[in-house]
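>>> Just to be clear, the model below is a prediction. Sequence and coordinates:
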Amino acid sequence: MSVIESVIMEKYGQIAKRLFKILLTKKMLDQKQLAQIAMVPIDSARETLYKLLKDGFVSLQVYFHFHFIFIFILFY
């Protein structure tokens, strides 16, 4: 286990560690995809991802598509 994973595990718990490891392998996912892959409730995933975002462990990128506005929140 890497040092970053250890810090995430201690500070945020098992769900955060699982989400972080998935993001390391898959790179960019939206919240719903990430929650499905990690097999955690979407609410828990969102809450945990925002904590990780606030502390700089993940970053956010918003994409717009053509004339329709589709906002995909991607964490990596």
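Nice, I can see it.

>>> Okay, strands next: where are they in this structure?
Applying DSSP state E to the chain gives strands spanning 29-30, 60-65, 68-75.

>>> which helices and strands sit right next to the first one?
With contacts defined as 3 or more C-beta pairs under 8 Å, 6 or more residues apart in numbering; DSSP states H and E, the secondary structure elements packing on strand 29-30 are strand 68-75. The C-beta positions use only the backbone N, C-alpha and C, and glycine is treated the same way.

>>> what sits against residue 15?
38, 40, 44-45, 48 (C-beta atoms under 8 Å, 6 or more residues apart in numbering).

>>> And those residues, which of them are buried?
38, 40, 45, 48 (16 or more other C-beta atoms under 10 Å).

>>> Pull the number of nearby residues for the nearest residue to the third one once chain neighbours are set aside.
Spatial nearest neighbour of residue 45, excluding adjacent residues (C-beta to C-beta, 6 or more residues apart in numbering): residue 35 at 3.8 Å. Summarising burial for residue 35: neighbours were counted as other C-beta atoms under 10 Å, giving 22.
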